[in-house]
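> Quick one, structure for this:
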Amino acid sequence: MSGSTKRVKNKNSKKVSRDITFEEHVSYAEKILIDLENNDLTLEEAVENYTEALSRIKLAKKILEDTRNKVEIIERGSLDEMPEKNTKTK
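Below is the predicted model:
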């Protein structure tokens, strides 16, 4: 969806360079949050995982906003191309 290459860190703090979709960001954030609920993590690990989940959510939100802007531009273009109706006032 995004069309651009994103550099993000995965759970092991290795950099990943590839197109990451909205759905992938959301899915990864969900997995992290489930891990936080179900695993016995140290405070440091929990904070690191929580930070990663928030980062993924922020990136997903950016993709969603960019897509919404694209749709609005497309809709505006479509409306501009529509023939105007002749309206007569009585």
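> and the longest helix for this structure?
Criterion DSSP state H: the longest helix present in the chain is helix 43-81.
> Can you spell out which helices and strands pack onto that one?
When contacts are defined as 3 or more CB pairs under 8 Å, 6 or more residues apart in numbering; DSSP states H and E, helix 43-81 sits against strand 6-9, helix 22-38. Where C-beta positions appear, they are placed from N, C-alpha and C, glycine not excepted.
> Least confident of those, on average?
Ranked by mean pLDDT, these bottom out at strand 6-9, with a mean of 40.
> Output the helices and strands packed on helix 43-81 as JSON lines; include the columns distance to residue 66 and mean neighbour count.
Output for the helices and strands packed on helix 43-81, formatted as JSON lines (distance: least, CB to CB, whole Å; neighbours: other CB atoms under 10 Å):
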{"stretch": "strand 6-9", "distance to residue 66": "12", "mean neighbour count": "14"}
{"stretch": "helix 22-38", "distance to residue 66": "10", "mean neighbour count": "15"}
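> could I get the ones you listed as CSV with distance to residue 71?
Below are the helices and strands packed on helix 43-81 laid out as CSV (distance: least, CB to CB, whole Å):
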stretch, distance to residue 71
strand 6-9, 21
helix 22-38, 14
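> how far away is the most centrally placed residue in the chain from residue 81?
The residue lying closest to the centre of the chain (CA atoms, centre = their mean) is residue 60, at 1.4 Å. Using CB to CB, to the nearest Å, residue 60 is found at 32 Å from residue 81.
> Also residue 39?
Distance, residue 39 to residue 81, using CB to CB: 54 Å.
> what's the answer for residue 65, then?
25 Å.
> Those two: who's more crowded?
Between residue 65 and residue 81, counting by other CB atoms under 10 Å, residue 65 is the more crowded of the two (10 against 7).
> Tell me the pLDDT of residue 76.
89.
> And residue 80, by the same measure?
77.
> Many thanks, we can stop here.
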